[in-house]
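Asks: task: produce atomic coordinates for the following.
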Amino acid sequence: MFGRSSKPVCAIFLGWFSVGCGAEPGTATATDTSSGSTAGADTGSTSSVAPTSGSEVGDTDPTLGGPTTSAHDTTADTAGVDSSSETGDGSDTGEPPPPSCDGLGPAVDGTGTTPGDASLPSPTLEHLAIEWRIDGDDDNDGVVWIRYRSAGGAWREGMPLRRVPAGAAEGFAWPNKHAGSLFGLEPGTEYEVELALLDPDGGCEVRTLSATTRTAPAAMAGAPVIPVTPAGFKAAAAAAGPGDIIELAAGTYAEIVLQTDGSPGAPIVLRGKPGAVVDGDVRLDGRAHVIVDGLEVHGKIKFNGGRELGIVRCKVLTAGDGIVTFTRAENVYIADNEVVGATVWSEAALGVDGDNIGEGIQVTGPGHVIEHNRVRGFRDAISLLEDDGAVDQYSIDILANDISEAADDGIEADFCFHDCRIAGNRLTNTFIALSSQPGLGGPTYFVRNAVYSTILSAFKLQRGSVGDVLLHNTVVKGGDAFGVYTGDVFERQYARNNVFLGGPGGQYGGWSSGTGDVLSLAAAGASVDLDYDGYGSTLGGFTGQIGAVVFASLAQLQAMTTEVHAVELDLSIFAAGVALPSPFPGHDPADLRLAPGSDAVDVGLAIPNINDGHAGSAPDLGAHELGAPLPGYGPRM
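Replies: Predicted coordinates for the structure are as follows:
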């Protein structure tokens with residue numbers, strides 16, 4: 001199905017929406033069901049589709065795939081319209097129909113798109129990263145839609161890819177491309193991913209890829225168990241081979257330096273029984289297919305250059321770093337650990353130069369999964385490496401961790417190349433909650449994180465960060481509700497369905513938390529796109545700044561910025577009694593679930609694969625959908 005306009009390339013119809021060539025986003029174009037040749041498709045499986053009842057043009061935000069006109073054009077955003085495959089598209093099958101490039105031509109100049117290589121690099125357990133490199137599209141109006149399915153399953157709609165123009169920051173460069181992720185997949189499952197690219201200036205292609213999500217590392221079925229004591233451990237470890245489980249009895253063990261690899265499907269497992277304590281480091285440098293399970297470690301677990309490792313159910317007590325690599329590692333699974341550092345939550349500890357020490361969990365390289373850990377008492381609780389240490393930092397999951405007492409950053413997702421997914425974490429008592437300093441083109445996703453009692457910034461978008469995506473986060477803090485304090489312009493951020501609540505600020509260790517503005521984003525560039533977010537200040541005013549725009553009311557914010565659908569909120573939106581926090585002496589985590597009937601309920605934007613199956617007429621704002629149970633943060637034990 002395609003539309004017609006004055007431009008040489010027309011429209012692509014996929015699922016629930018149609019974007020017409022030359023039309024403003026959200027504007028219907030004439031349709032034509034005549035068949036034509038398919039240009040540029042490499043699968044040979046495309047077809048044209050007749051319109052289906054119940055589908056509407058303009059019911060999904062076109063900027064989900066990247067801004068198609070100016071940053072202030074939000075005419076297609078419509079709250080309350082669900083474009084997920086849970087509800088279907090009005091067809092008998094309820095699936096998004098296949099896209100088609102029938103009759104659409106290739107690029108003829110630099111404003112059109114010439115598709116290049118597409119890939120699904122480094123699958124994790126629950127997510128797939130997607131990268132499609134291109135040439136052209138100088139006006140950045142190309143869009144890539146997604147539908148996906150497990151092998152033999154029903155098609156579902158994904159969030160459109162983000163448009164990522166070529167760029168550079170802090171010594172790193174990235175290519176011209178579309179990139180994005182599929183969320184909430186099943187581990188160990190093969191998926192078919194169909195990508196539909198359309199540029200109204202020329203260029204249309206449908207491409208199908210496939211990949212299989214990973215499973216969590218596990219011992220080999222029927223693996224031999226080798227019981228050891230401290231006296232016999234070194235000999236047993238030296239003799240171990242693929243598939244062996246070395247089970248450490250209660251007792252105190254010296255530093256462990258493992259010298260042997262397991263193999264695919266037959267990892268070497270170091271498994272601690274209750275009372276097994278390593279008084280020193282556990283060194284897995286250069287190792288592959290090894291699992292460390294259930295050890296108490298008084299030191300650090302280090303895995304420089306490790307591959308296909310599992311570090312699970314351990315308790316790490318350290319005066320320095322916790323679970324770390326300082327060189328490129330790959331596909332390391334770090335889950336259900338308790339990691340406790342030596343940094344004391346105090347004013348003197350705040351900031352990168354404060355009286356603090358240690359990285360709780362630190363990685364570089366692709367494919368890592370860091371989930372369900374309890375991390376507290378560090379400079380940075382969970383971090384990626386920075387500057388020259390950052391290598392291939394893409395397709396990384398940081399999920400459902402419970403973080404507190406981080407004197408610099410709660411989660412430092414700095415120098416993410418693309419498709420780092422920071423989702424479903426709880427952060428309490430942090431100097432800065434979530435850092436992207438910088439994002440290297442993006443997308444760097446921050447989704448459904450719950451932030452309570454952070455001091456300086458909930459999101460540190462500094463050093464010229466590009467391409468951050470903020471969806472369904474909840475922030476409650478003193479001072480400015482959403483503030484980024486930098487002279488470096490940040491660009492191409494996309495935010496929807498977030499809650500930011502602030503109030504009176506203060507000075508802490510020489511740092512100001514702000515004066516209580518709802519927004520303080522003076523360095524926001526022209527491509528920053530915020531909408532459908534909720535803001536408030538317990539001071540009662542509604543003041544702030546985005547770029548050069550200064551506003552003094554909700555009406556002015558809506559009229560003068562992209563926040564056309566913003567709402568004003570206060571602390572009464574929460575079902576539990578939530579107070580505005582003062583940072584010291586510190587707080588227990590807050591329950592930030594919404595109260596029925598609050599102003600944050602049913603006012604969000606439907607985003608495919610992000611808020612499918614929401615409870616009401618539209619998604620709710622913030623980290624928690626009304627009626628959903630509190631997520632299981634931290635270790636699953």
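
Asks: would you map the helices across the stretch 201-350 of the chain?
Replies: 233-239 (DSSP state H, counting those that start in this stretch).

Asks: then the chain?
Replies: 233-239, 554-560 (DSSP state H).

Asks: now for these, which one comes closest to E338?
Replies: Smallest distance to E338 across the helices of the chain (CB to CB): 22.8 Å, for helix 233-239. Where C-beta positions appear, they are placed from N, C-alpha and C, glycine not excepted.

Asks: thinking again about what came up before, let me have the helices of the chain in a markdown table, extended by distance to L592 and mean neighbour count.
Replies: Formatted as a markdown table, the helices of the chain follow (distance: least, CB to CB, whole Å; neighbours: other CB atoms under 10 Å):
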| stretch | distance to L592 | mean neighbour count |
| --- | --- | --- |
| helix 233-239 | 45 | 15 |
| helix 554-560 | 22 | 16 |
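
Asks: check the gap between G232 and R287 for me.
Replies: Distance, G232 to R287, by CB to CB, to the nearest Å: 21 Å.

Asks: which one of those two has more residues nearby?
Replies: R287 (24 against 13; other CB atoms under 10 Å).

Asks: wait, the more buried one touches E308, no?
Replies: No. If you go by CB atoms under 8 Å, R287 and E308 don't touch, sitting 9.1 Å apart.

Asks: what about S512, how many residues nearby?
Replies: 15.

Asks: what's the nearest residue to it if we skip its chain neighbours?
Replies: G505 (6.3 Å; CB to CB, 6 or more residues apart in numbering).

Asks: again with A575
Replies: A595 (4.2 Å).

Asks: any low-confidence regions in this structure?
Replies: In the predicted model, the chain carries pLDDT under 70 at residues 1-93.

Asks: quick one, what contacts the residue sitting furthest away from the middle of the chain?
Replies: If you look at how far each residue of the chain sits from its centre, by CA atoms, centre = their mean, the farthest one is A231, at 45.2 Å. For A231, the contact set (CB atoms under 8 Å, 6 or more residues apart in numbering) is empty.

Asks: what about stretch 391-403, start to end distance?
Replies: Taking CA to CA, to the nearest Å, stretch 391-403 runs 25 Å from one end to the other.

Asks: coming back round to it: my guess is the residue nearest to A575 meets G577, correct?
Replies: No. Checked against CB under 8 Å, the pair A595 and G577 is beyond contact range at 10.4 Å.

Asks: please identify which of these two sits among more neighbours.
Replies: A direct count of neighbours by other CB under 10 Å for A595 and G577 places A595 higher, at 14 against 9.

Asks: and the gap between that one and W174?
Replies: For A595, the distance to W174 - CB to CB - is 43 Å.

Asks: same thing with G275?
Replies: G275 is 49 Å from W174, by CB to CB.

Asks: if you count what's nearby, which of the two comes out ahead?
Replies: W174 (22 against 11).

Asks: residue contacts, the residue nearest to that one when sequence neighbours are not counted?
Replies: Distances taken as CB to CB, 6+ apart place G441 nearest to W174, at 3.9 Å, with adjacent residues excluded. Counting by CB under 8 Å, 6+ apart, G441 makes contact with 164-165, 167, 174, 179, 417-418, 466-467.

Asks: so which of those residues sit within strands?
Replies: Counted as lying in strands by DSSP state E, out of the contacts of G441, are 164, 167, 174, 179, 418, 466-467.

Asks: who wins on neighbours among these?
Replies: G467 leads these on contacts (other CB under 10 Å) with 30 neighbours.

Asks: contacting residues for that residue?
Replies: 162, 164, 418, 439-444, 491-493 are the contacts of G467 under CB under 8 Å, 6+ apart.

Asks: which of those tops the neighbour count?
Replies: Result: T444 is most packed of those (other CB under 10 Å), 33 neighbours.

Asks: tell me the bridge partners for the residue lying closest to I291 once chain neighbours are set aside.
Replies: Counting by CB to CB, 6+ apart, I291 lies nearest to G310, which is 3.9 Å off, once chain neighbours are set aside. Beta-bridge pairing of G310 under DSSP bridges involves I291, Y333.

Asks: for G310, give me its contacts.
Replies: Contacts of G310 (CB under 8 Å, 6+ apart): 216-218, 267, 290-293, 332-333, 335.
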